[in-house]
Structure formats: structure tokens, C-alpha cells
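J.: Have a look at this prediction, sequence included:
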Amino acid sequence: MKTFLLIAVILLTTVSAAFAQENTVEKQRAEVKKLESMVGQWKGSGWIQQGPNRENFTGTEMVQRKLDGLAILIEGKFTNPEGKVIHETLAVLSFDPKDSKYRFRTYLASGMGGEFDFQVVEGGYKWGFQVQGGTIRYTIKTDNDAWFEIGEFSRDGQTWMKFFEMNLNKVK
């Protein structure tokens, strides 16, 4: 009888754990689905201000669903008018059910990168990070086949200065 009870408890625990895991995966998939408007191949142009120098660029963002909808892979490559690559990035977006927040991990061709806060907001997305002397934030708005993104810097969290703007159109 003791053996039967022990087997029943082990079986019940295993089934409960499997069910909890499935619910967690479905929650992750549902949260990543909220990023659906980013998926596709995008092409366009923009500008970036670094110190006194403002540089124009053109390029693409390739955004793909991965791992059966559990993650989003983003690949971006942008060049200046002379054809020199000025920004190349790889990023992975996923949802952490334990912390109930998105994980945005970036890798840059410059060797820099990191993990940043990422939020779904009305009409788009926001992400940002602290830097020495202030805060940088990016706001992405997607509407049908258009992607509009700005980057801003603030020393005090109240007054924001735009240093980046990008307009992309979905090509696939």
C-alpha cells in the first residue's frame, strides 16, 4: 500500500509539473505575440546625431519569429551615403514569465551590447537604459506597414533631446 501511495504521489507531481510548464510556455508565447507588428523585413532611412555630427543612413531590419513563437530575432544593418556600415546589430526579444517582463538582449558589431528593459505601449514599444549622465530611451511606433523610431536622451528624466530618427517600410 505504501508503494502504491508513493507511486501515486510521484505521478501526480510529475503531471502537475508538466501542466505548469505548458501554462508557462503558453503565457510566454502569448506575450511574444504582442510583438507581432514588428515581424517582417523592413527598409528605410534615418539620421543619428553624435556630438556635433549628424549622419544620415539607409538600411534594413529583419525581424523573425523563432522557437515556435517564444522569441523574436532582430537583425539590423545601416550604412551612410558612402556605403560605410555605421550600425549593425543582432537582438533577441523574449518574455520572462518569472519576472513578468520582456528581455531585450542586444549585440552590436562594435562589441557592445546588453540586456535592456522593453515594454509594449499603446501603438508600439519602448526600451531604454541608463548611461553616465542620464537616460537613453527609444520609442518605436508601428502602424500597418510603417515603422517609426526615435531615440532620445535626458539628463533629468524630464527634458528629452532627440538624437535619432528612423522611418522604415515593410517590404515583406
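T.: Cool, the structure landed.
J.: quick one: strands adjacent to the helix or strand containing D117?
T.: D117 is part of strand 113-121 when elements are defined by DSSP states H and E. When sheet partners are counted by DSSP bridges, strand 113-121 sits next to strand 101-108 (antiparallel), strand 124-131 (antiparallel).
J.: a markdown table please, covering those and showing distance to F116 and mean pLDDT.
T.: Bear in mind the C-beta positions are built from the backbone N, C-alpha and C, glycine included. As requested, those are exported to a markdown table (distance: least, CB to CB, whole Å; pLDDT from 0 to 100):
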| stretch | distance to F116 | mean pLDDT |
| --- | --- | --- |
| strand 101-108 | 5 | 95 |
| strand 124-131 | 5 | 94 |
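J.: Minimum distance to R29: which of the ones you listed has it?
T.: Closest to R29 of those is strand 101-108 (CB to CB; 13.3 Å).
J.: Only the buried residues of that closest one, if you could.
T.: Y102, F104, T106 (16 or more other CB atoms under 10 Å).
J.: got it, and stretch 48-65?
T.: Buried residues in stretch 48-65 (16+ other CB under 10 Å): I48, F57, T58, G59, E61, V63, R65.
J.: From those, pick the one nearest N23.
T.: Nearest to N23 out of those is R65 (CB to CB; 20.6 Å).
J.: show me what contacts S154?
T.: With contact set as CB atoms under 8 Å, 6 or more residues apart in numbering, S154 has these partners: G134, T135, R137, W160, M161.
J.: Kind regards, and thank you for your time.
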